[in-house]
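Undergrad: heads up, no residue letters with this:
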């Protein structure tokens, strides 16, 4: 919810869909259960600390899924542990951002991230 608020403060007009855990994340991305009609996201913001299945496990599933592995993943988490950073990149994340504790800094970081991914970088087209 803080990230969504940070997007609003940074005046980023984006559709943000939130899921509460790793299992629900994969169901959403695979369009299972109640998610059959959702749009495939252009970018995944992934926290490492989630219930049921953590971010590392989600990255493993994404890397192994031909239908999903093209979607860029930005890990957005409180961890600054170099081991976590290395592990995320080895599992295929495209960027790793440690969440600033200050809300204004979080809004600035989300603005920079958005501009990079949606104005500078080339994203893969949906299949």
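TA: Good, I have the coordinates. These numbers come from a predicted model, not from an experiment. Numbers count the residues shown, from 1 in each chain.

Undergrad: Could I get the full set of strands for this structure?
TA: For the chain, applying DSSP state E gives strands covering 44-46, 73-77, 95-98.

Undergrad: can I get those in a markdown table with mean pLDDT and mean neighbour count?
TA: Using the backbone N, CA and C atoms, a C-beta is placed for each residue, glycine as well. Listed next are these as a markdown table, based on pLDDT from 0 to 100; neighbours: other CB atoms under 10 Å:
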| stretch | mean pLDDT | mean neighbour count |
| --- | --- | --- |
| strand 44-46 | 96 | 20 |
| strand 73-77 | 96 | 22 |
| strand 95-98 | 97 | 17 |
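
Undergrad: Distance to residue 11 for those strands - can I get that in JSON lines?
TA: As requested, the strands of the chain are exported to JSON lines (distance: least, CB to CB, whole Å):
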{"stretch": "strand 44-46", "distance to residue 11": "18"}
{"stretch": "strand 73-77", "distance to residue 11": "19"}
{"stretch": "strand 95-98", "distance to residue 11": "19"}
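
Undergrad: who wins for proximity to residue 64 among these?
TA: For residue 64, the closest of the strands of the chain is strand 73-77, at 13.4 Å, according to CB to CB.

Undergrad: Tell me the helices and strands packed up against the closest one.
TA: In terms of contacts (3 or more CB pairs under 8 Å, 6 or more residues apart in numbering; DSSP states H and E), strand 73-77 is packed against strand 44-46, helix 55-64, strand 95-98.

Undergrad: Mind checking those for the one nearest to residue 23?
TA: It is, among those and with distance given as CB to CB, helix 55-64, at 9.0 Å.

Undergrad: still on that earlier bit, and residue 124, which of the helices and strands packed on strand 73-77 is closest to it?
TA: Residue 124 lies closest, by CB to CB, to one member of those: strand 44-46, at 12.5 Å.

Undergrad: Let me know the pLDDT of residue 4.
TA: For residue 4, the pLDDT comes out at 86.

Undergrad: List the contacts of it.
TA: By CB atoms under 8 Å, 6 or more residues apart in numbering, residue 4 lies in contact with 16, 18.

Undergrad: Ok, residue 24 next?
TA: residue 52.

Undergrad: and it, how far is that from residue 64?
TA: According to CB to CB, to the nearest Å, residue 24 and residue 64 sit 18 Å apart.
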